[in-house]
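1. generate coordinates for the sequence data below:
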Amino acid sequence: MSRTIGFRRAALHLGALWALAFAQPLLDLLGRNAEFFVARGSTTGDILLLAFGYVLVPPVIGAGAVWGAGKIRPELGWAVMLALVALIVAGFVLPPAGDALGGSALAIPLALLAGVGAAALYARASGVRSFVTVLSPAPLIVLLLFLVVSPVRGLLFPGAAGGTVTGPSRSTVPIVHVVLDELPQATLAAANGRIDAELFPNFARLAAESTWYRNATTVNDSTAAAIPAQVTGEQPRAGLLPTARDHPRSLFTLFERSHELTAIEPITALCPERLCGDFRPGTMDRLRSLVSDLEVVVQQLLLPADLREGLPAVDRVWEGFEAGSVTDSGELERFPNLRRDILARLARDDPTAAFERAIGALEGQGSRPPLVFLHSTLPHGPWRYLPDGRRYPIGGKEYPGLASQGSWTGPQWQVDQGFQRHVLQAQYVDRLLGRLLDALRARDLFDDAVIVVTADHGAAFSTGQPRRPASRANVGVIAPVPFFVKLPGQPDGRVDDRAVRTIDVLPTIAKAAGVRLPWKADGIPADEREVDPEAPVDISHMGKPVLTEALDSVLAKRRAREGVEAGLLRDGVYAIGPRPELINRRVAVPSDGEHLMVDDTNGVLPSFVSGPVEGVEPDTVLAVAVNGRVQATTRA
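-> You can find the predicted model right below:
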């Protein structure tokens with residue numbers, strides 16, 4: 001048995017094992033979810049640095065340690081090599097072992113035992129070492145598959161992104177296109193099916209001044225595909241990234257000569273840089289963000305199921321990594337780097353600032369009218385806003401009842417609490433929308449403009465069901481989305497029951513601006529759709545078909561959910577709970593025990609209270625009092 005090993009052979013062998021055990025699973029996952037890089041503003045350099053760094057640097061460092069130890073004593077270098085082989089194999093075995101055994105407690109020693117066994121075989125059997133030598137090209141093959149074969153190739157070799165199409169050279173029609181994130185049509189509706197003017201006065205105002213297509217449905221349940229569908233008028237197709245390269249014909253290239261463009265895209269990159277500039281974070285911010293997020297991705301790949309609980313999923317592209325509050329979240333105490341990155345990214349993609357930027361874009365009255373595209377990341381979680389815009393701290397789990405796989409679990413009342421926070425955040429969206437509408441009027445743009453306000457998709461709030469993606473059970477709240485169109489010179493509002501789809505947004509805008517699309521779109525102008533209860537509602541996920549269901553069936557499920565929500569909100573948003581009649585009742589402040597006394601001069605109120613309780617049975621009704629007055633009721 002050889003007791004010496006050189007740097008070159010150690011690097012080749014460790015590189016082969018590392019590539020198969022660690023690099024290939026990670027890069028394969030990221031390659032299949034290339035939107036991960038789009039949402040983070042990653043450049044070609046960032047992606048190459050990640051790929052080559054992750055595949056090559058660890059084995060080179062390991063080989064350096066083997067070489068250095070061997071210089072001290074040959075046997076020591078050999079021991080270090082065997083230890084590294086054992087650790088890599090143990091890391092490879094740990095996830096399946098943990099899943100098979102139902103937990104990590106037994107899997108860790110089992111994985112280490114497997115690693116020691118593999119190291120012993122490597123030490124004693126020359127055939128095993130020869131086999132590992134044959135595997136030495138693995139790092140290069142892994143890199144080739146990731147950089148050239150996977151969808152990431154489209155980010156590395158962008159080609160002629162966003163080529164010019166034959167659009168108008170001039171126009172007098174201002175264009176405003178607002179896409180809200182994860183807002184079901186059912187959220188806005190009152191018990192009578194109309195917009196709830198008490199909760200959402202500005203949506204109600206917009207409905208009174210525009211055409212509300214109340215039977216509109218999305219074509220995709222994922223942001224990264226649903227937004228391109230709106231700005232191109234084309235059905236999502238599998239394999240396309242939300243970039244200008246993969247979507248060269250769009251709202252932006254159509255009106256680039258006639259309008260002053262402002263595109264606010266926190267998740268996508270559909271407006272070409274030559275038209276909208278590059279709003280990526282700085283290099284160090286991007287790399288810190290990437291490294292921080294990759295810590296979570298690696299843990300997803302390496303940890304058994306019980307230790308993966310609570311980790312965000314990479315296939316949620318961007319929102320999964322926003323799993324914690326912007327304030328102290330107990331959910332993220334184990335992942336301090338992730339929390340730091342969330343704080344930084346939320347600061348960059350501040351949805352309030354996004355609306356401010358959209359309003360600011362209306363200021364300049366140049367020779368060309370404004371075209372403002374705003375994708376707001378609200379009311380999508382993390383739910384942290386009150387209706388007046390204040391952000392509340394989270395002291396415990398961010399989404400009680402929401403499993404790491406994205407499905408609601410536990411009692412329905414806990415899910416209803418999530419819905420309550422969703423409504424509060426949607427009320428803040430209403431406030432922001434009102435400011436935008438006021439700005440359009442103040443600048444004398446409202447009457448002449450075509451304004452479209454819609455959402456990318458909805459969300460579900462039923463235990464045992466996924467929040468997304470779409471399924472037969474939740475399609476009534478995933479597919480139907482708000483769809484308001486204010487045409488130039490439109491005198492008053494009306495409700496329209498046509499079977500409108502979100503791929504109709506761009507054709508609708510083009511028709512309102514007097515422009516004929518120079519390419520064949522899948523969508524048509526909204527006012528050319530038919531009122532067809534049997535119209536098929538086809539929903540895809542990232543371009544892959546999920547389901548097709550008749551519109552009247554989808555709408556029946558939506559109305560059923562609206563009835564449930566009307567019951568929850570009967571006594572107001574804050575009264576969602578088992579004993580709404582106790583709200584505002586005075587109670588004596590106990591001399592001992594738990595109570596909240598709050599000085600509201602500090603600007604922070606305990607809006608979301610959570611924590612462990614002892615000595616009570618599950619589902620026991622609890623009342624939460626602040627300063628001696630009941631403000632909420634819930635259950636244990």
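2. low pLDDT regions in the stretch 401-550 of the chain?
-> Along the stretch 401-550 of the chain, segments meeting pLDDT under 70 span 404-405.
3. show me where it has its strands.
-> Listed in chain order, the strands of the stretch 401-550 of the chain (DSSP state E, counting those that start in this stretch) span 450-455, 483-486, 494-496, 536-541, 544-550.
4. may I see those strands organised as a markdown table, with distance to L270 added?
-> All C-beta atoms are positioned from the backbone trio N, CA, C, and that covers glycine. Formatted as a markdown table, these follow (distance: least, CB to CB, whole Å):
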| stretch | distance to L270 |
| --- | --- |
| strand 450-455 | 15 |
| strand 483-486 | 20 |
| strand 494-496 | 27 |
| strand 536-541 | 18 |
| strand 544-550 | 20 |
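5. which among the ones you listed is found nearest to A204?
-> Nearest to A204, of all the strands of the stretch 401-550 of the chain, is strand 483-486, at 10.8 Å by CB to CB.
6. any idea how far stretch 204-215 is from the chain center?
-> On the basis of CA atoms, centre = their mean, to the nearest Å, stretch 204-215 sits 27 Å off its chain's mean C-alpha point.
7. end to end, how far does it reach?
-> One end of stretch 204-215 sits 16 Å from the other (CA to CA, to the nearest Å).
8. buried set for it?
-> 204-207, 209-215 (16 or more other CB atoms under 10 Å).
9. one more: stretch 51-71?
-> Using 16+ other CB under 10 Å as the test for burial, stretch 51-71 gives 51, 54-56, 58-59, 62-63, 65-67, 69-70.
10. among the buried residues of stretch 204-215, which two are most distant?
-> Maximum pairwise distance among the buried residues of stretch 204-215 (CB to CB): 21.0 Å, between R205 and N215.
11. how does the protein divide up, domain by domain?
-> 7-156, 175-568, 577-636 (automatic domain parsing).
12. now the ones you listed in TSV, with distance to T166?
-> As requested, the domains of the chain are exported to TSV (distance: least, CB to CB, whole Å):
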stretch	distance to T166
domain 7-156	25
domain 175-568	5
domain 577-636	52
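13. list just the nearest of the buried residues of stretch 204-215 to P606.
-> A204 (30.9 Å).
14. so what's the closest one up against?
-> 194-197 (CB atoms under 8 Å, 6 or more residues apart in numbering).
15. same thing with V152?
-> Taking CB under 8 Å, 6+ apart as the test, what V152 contacts is 30-31, 34, 37, 47, 146.
16. just the CA coordinates for the longest strand along the chain, please, in PDB.
-> The longest strand of the chain (DSSP state E) is strand 370-379. These are the backbone C-alpha positions of strand 370-379, laid out as PDB (Å, rounded to 0.1, in the frame of the first residue of the first chain):
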ATOM      1  CA  PRO A 370     -43.600  58.100 -20.500                       C
ATOM      2  CA  LEU A 371     -43.800  54.400 -20.600                       C
ATOM      3  CA  VAL A 372     -43.600  53.100 -17.000                       C
ATOM      4  CA  PHE A 373     -43.500  49.400 -16.300                       C
ATOM      5  CA  LEU A 374     -43.600  48.500 -12.600                       C
ATOM      6  CA  HIS A 375     -43.400  45.000 -11.200                       C
ATOM      7  CA  SER A 376     -43.900  45.400  -7.500                       C
ATOM      8  CA  THR A 377     -42.900  42.500  -5.200                       C
ATOM      9  CA  LEU A 378     -45.900  43.300  -3.100                       C
ATOM     10  CA  PRO A 379     -48.200  41.900  -1.700                       C
END
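17. what lines up beside that strand in the sheet?
-> strand 175-181 (parallel), strand 260-264 (parallel) (DSSP bridges).
18. what mean pLDDT does the longest one have?
-> Think strand 175-181. For strand 175-181, mean pLDDT rounds to 97.
19. let me know the angle separating that strand from strand 450-455.
-> 10 degrees (axes from the mean of the first three to the mean of the last three CA atoms, to 10 degrees).
20. pull out the buried residues from the following helix or strand past strand 175-181.
-> For strand 175-181, the following helix or strand on the C-terminal side (DSSP states H and E) is helix 185-188. Neighbour-count burial for helix 185-188, counted by 16+ other CB under 10 Å, picks out 185-188.
21. try stretch 449-469
-> Buried, per 16+ other CB under 10 Å, within stretch 449-469: 449-463, 465-469.
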